[in-house]
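J.: fold the following, please.
(chains A and B)
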Amino acid sequence: MTPRLSRRRLLQAVAAAAVVLPIVEPGSAYAGGDIQRDTLDAWADTIVPGEKRSATDRVVAGATAGPGAVQAGAYDLYRDPDVGLAVVLPGLVALINTQALAYATAKGKLLDVRVPPFVALDFKSRTAVVESLLRGSGVVQLIWYALAALAMLAFHTAGHLDTATAIRQGHPGLAWLGFPAPDADGVWRFPEFSYGVDVAPPHPMTTTTGHPA
Amino acid sequence: MTAVERTDVLVIGTGFGGAIPAYNLAAGGAKVIMLERGPELGAADFTQSLELGGYTRIVDLIQGNGIQVVAGNCVGGSSVIYFAASLRAPSFAFERRGSTGRRLWPSVLTRRALDPWYDRVEETIPVARQEWSDVPYPGGLFGAACANAGHTCNPVPLAVDLDRCTNCNWMLNGCRFDAKRSMLLNYLPAARAHGAQVRPLHEVQCIARSLTPGYRYRVDYTVVDGNDPRLTAGAGSIEAKVVIVAAGTMGTPVILRRSKLGLGTLPAAVGKYFSPNGDRVSMAVMDESRIRDVLGLERSPGTAYEAFPIGKPIGSMSYDYLDPALPEFERFGLQQIYFPAITNILPEDGTPGSPDWFGVDKRELARKWRSWLTLLALTEDDNEGSWGALPPTGNFLRIASSAVVSSLTYRPNEHTLRGFAASDAALRSIVEKDGLGQHLDWTGGQPVLSAHPLSSCRLGDDPNTSALTADHQLRGSPGLFVTDGSAVPASLTVNPSLTIAALAERASPGIARHARALGLQVDESVPPPHLG
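T.: Next up, the predicted model:
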């Protein structure tokens, strides 16, 4: 009897192949890029999208104009020793690409094999893959959440840099937020901080020291 | 083999719950040793930076199931990283029943009974009463929006030296100006002046009954590596006649549950009935032109607001819904509060369709960051949280500096969700009136975020649902007291630090009396710390 290749078996085979591929030679050249970096940058770009860095940029999807997490230094944060994720990154990259391949297979999409499967997806599909990974539960879900949070932290806080230094260097995420600059000595102080007017009546039952009764 | 040390009183933790009894007992004449899991830092060490590896040394972001909790991890505990709002809990909070049908607090504890202890704490810390001219722009904006909607609003009393404060908004990192009155500036130096020893980077693992005559308990600890908190640099034991557990709401139940075998007995309520203090965070993205046109506010010519990152984090609060006539679960405080950008993952983008909290629309929301107004409703939850499996060591699984995973599970029930919905509606009606802004959820990927964990080892009269008697003694373990936020029986509808501190003051004379009964020469009535 000829074994029938079910859709489930096909997906399992594809997934197994995808898991093996990127970790056989971590950091190996893959159509001119680095699998780990390209995959994580594409992940970060899905969380905080930005514009392509060049006309030939395959990693950043270019979903919007202006800077995103990639320009803000997400990859530096992923590898930051204070984050402590470096040891699990190869495995996460393999899983992202596995999920991307499974998604493409299920949707009948053909992928450009010269780049990692996740990078080969368009922005909408990348978003669907990220959402599917974030939907899990337990410790595994926490890891995906952390991977999303780090992209957010790279853009919103320049978490891999001293904040005053980041502002001085024109960090694109802090500039996007309008994060205020410190004084010349690198210290924040706001001598002007209050409207200085009584804006509301106090609660009638307020105690003499300002507490609720 | 290392010799076992001995002391009269061993205090686990150096936050409000640890520093206050440590002072009182040391000033009364006891030999006191304090063990603290985190490092010791002072004003010169505190950074104004969001770089990981800086603030993450002293702030733990604890990931549970269905909840994220922020807590301190340093000498001074959460008092070092808190936002200094110092409010007495309203009278009705002490009468709460939750869904149990019986009063949750011990019958002897009422607001009136606690008021003298609130007085003592407020004088010692000390707490400052803000005028509106002390309240930064975001608090002023919230106050004006409240008034516009027909509500009252109050400046929030703060544990801050208002003259020294630079309104820099870096309170989470610890105050480099020594303007925030943490335990580092009052009770801890006073305790040390009376001989108390503070030992940072000492993480208590368990407590057991001692076999040494006269010493009731043996406390085992490991020494935390100063460079990598995931590593151990040593271990030891201390025997004590009295033990005070104040490792914080997130730490105390874990230590006690690991100690069950060594103590021989443990109340079933330890590690149950956790409350996030009903914390319900949300935000508004404000319309600058409406702020000017409707509220008449302008901070400089042509600029109405754009001041989200300026000031002290907590400025103003409406007490309107702290009304004892309202049904339980529908009473809440509404507070303006600044959340640093490290939490920017949480706001939802306010547009239809997924994703809610990342992607293109979320980044557009970030472009208006200076016009954000973050808000905290302090509601009445139903103590739904409980701990699961114990971690192999310590209080959590520490993945990295600051990043820890707890087995705490919190799923709000229908009562708590009713409070969330009512407070959301109240805030929406304030910030959206006359088009002032758009109210947004703050639950991106996380159902509940709490900076005020409570009740994991709570006081009460009912031995089935409380772990501590009214004198803070752990049921079945004489001489073992718990004096931190875990002892607070239920959510308070205000920030809890002042209540935790007042309870620790109230507990101290009783602990001294207990020590005297053991033959120690300890004065149970000592004056408040004298601060030079």
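
J.: now do the same contact list for residue 161.
T.: No chain specified, so I'll use chain A. A:73, A:169, A:171, B:51 (CB atoms under 8 Å, 6 or more residues apart in numbering or on different chains). Bear in mind the C-beta positions are built from the backbone N, C-alpha and C, glycine included.

J.: oops, I was thinking of chain B
T.: For residue B:161, the contacting residues are B:128, B:178, B:179, B:180, B:181, by CB under 8 Å, 6+ apart.

J.: what about whatever residue of the stretch 251-400 of chain B ends up closest to chain A, how many neighbours?
T.: Nearest to chain A in the stretch 251-400 of chain B, going by CB to the nearest CB, is residue B:400, at a distance of 3.4 Å. Other residues lying near residue B:400 total 20 when counted by other CB atoms under 10 Å in any protein chain shown.

J.: same check on the one 5 residues further on?
T.: Counted by other CB under 10 Å, the residues lying close to residue B:405 total 17.

J.: again with residue A:65
T.: Residue A:65 has 10 nearby residues by other CB under 10 Å.

J.: can I assume it is in contact with residue A:51?
T.: Yes. Between residue A:65 and residue A:51 there is a contact at 5.2 Å, judged by CB atoms under 8 Å.

J.: on that earlier part again, partner residues bridging the residue of the stretch 251-400 of chain B closest to chain A?
T.: Beta-bridge partners of residue B:400, counted by DSSP bridges, are residue B:403.

J.: select the longest strand from chain B.
T.: strand B:232-245 (DSSP state E).

J.: tell me the buried residues in that one?
T.: B:236, B:237, B:238, B:239, B:240, B:241, B:242, B:243, B:244, B:245 (16 or more other CB atoms under 10 Å in any protein chain shown).

J.: can you map out the strands along the stretch 101-250 of chain B?
T.: B:154-155, B:197-199, B:202-209, B:217-224, B:232-245 (DSSP state E, counting those that start in this stretch).

J.: mind checking which of those is nearest chain A?
T.: strand B:154-155 (4.8 Å).

J.: now for the closest one, which elements pack on it?
T.: Contact analysis of strand B:154-155 by 3 or more CB pairs under 8 Å, 6 or more residues apart in numbering or on different chains; DSSP states H and E lists strand B:314-318 as its packing neighbours.

J.: rerun at 10 Å
T.: helix B:137-148, strand B:314-318 (3 or more CB pairs under 10 Å, 6 or more residues apart in numbering or on different chains; DSSP states H and E).

J.: quick one: the strands in the stretch 401-532 of chain B, in order.
T.: So, for the stretch 401-532 of chain B - with DSSP E, counting those that start in this stretch - the strands run B:403-409, B:437-441, B:448-450, B:480-482.

J.: give me the distance from the longest one to the chain's centre.
T.: With CA atoms, centre = their mean, to the nearest Å as the basis, strand B:403-409 stands 17 Å off its chain's centre.

J.: now the third one
T.: The offset between the C-alpha centroid of strand B:448-450 and the centroid of the whole chain comes to 12 Å, using CA atoms, centre = their mean.

J.: what strands line up against it, and which way round?
T.: For strand B:448-450, pairing defined by DSSP bridges yields strand B:67-72 (parallel).

J.: what number of residues are in the vicinity of residue B:6?
T.: 18.

J.: list the buried residues in stretch B:30-43.
T.: With burial defined by 16+ other CB under 10 Å, the residues of stretch B:30-43 counted as buried are B:30, B:31, B:32, B:33, B:34, B:35, B:36, B:37, B:38, B:39, B:40, B:41.

J.: mind checking pLDDT for the last one?
T.: The predicted local confidence for residue B:41 comes out at a pLDDT of 98.

J.: where's it relative to residue B:197, distance?
T.: According to CB to CB, to the nearest Å, residue B:41 stands 18 Å off from residue B:197.

J.: grab the nearest non-local neighbour of residue A:202.
T.: residue B:154 (4.8 Å; CB to CB, 6 or more residues apart in numbering or on different chains).

J.: er, residue B:27 actually
T.: residue B:526 (4.2 Å).

J.: was I right about the one you found contacting residue B:191?
T.: No. Counting by CB atoms under 10 Å, residue B:526 sits too far from residue B:191 to count as a contact (11.0 Å).

J.: what's the overlap in contacts for these two?
T.: Here residue B:526 and residue B:191 have B:23, B:24, B:25, B:26, B:27 as joint contacts, going by CB atoms under 10 Å, 6 or more residues apart in numbering or on different chains.
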